[in-house]
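> All I have is the shape, not the residue letters:
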């Protein structure tokens, strides 16, 4: 039921981008190192809330695909930082926002196309994913 021909769609590579690099939307869970102690709650349950929490942490956190402006910011941030003496993230974000709005529709279209490809790849890698999964 896809609008794209099969030869355009790369085969699934289990979290790897076609280039072989892990896809940026996959963030491995951070597991805290704690002393392992057998924990049993007073009610006799073998699973404590801490054990349940650790099971949830094992699921990878899948980020949303980046939108056009975020892709623009990612590409241009280093250039703005190099040009400006400002180091505050908020000030840099303001500059990037002003530059984004000053771009022509054609210049912005490049980033909208990249964002569309990013969403397409994301939906191929995670067909059942919803943003609600992270909350």
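Thanks, I have the structure now. Quick caveat, the model's predicted, so the values are computed rather than measured.
> For the longest helix belonging to the chain, which helices and strands make contact with it?
Counting by DSSP state H, the longest helix found in the chain is helix 105-125. Counting contacts by 3 or more Cβ pairs under 8 Å, 6 or more residues apart in numbering; DSSP states H and E, helix 105-125 packs against helix 68-83. Yep, even glycine has a C-beta here, placed from its N, CA and C like the rest.
> Show me the contact partners of the very next helix or strand once past the helix it packs on.
Sequence-wise, the next helix or strand downstream of helix 68-83 (DSSP states H and E) is helix 89-102. By Cβ atoms under 8 Å, 6 or more residues apart in numbering, the residues outside helix 89-102 that reach it are 69, 72-73, 76-77, 80-81, 84, 86, 108.
> Flag the shaky bits of this structure, pLDDT-wise.
Applying pLDDT under 70 to the chain flags the ranges 1-58.
> Now the buried members of the contacts of helix 89-102.
69, 72-73, 76, 80 (16 or more other Cβ atoms under 10 Å).
> That's all I had, so thanks and see you.
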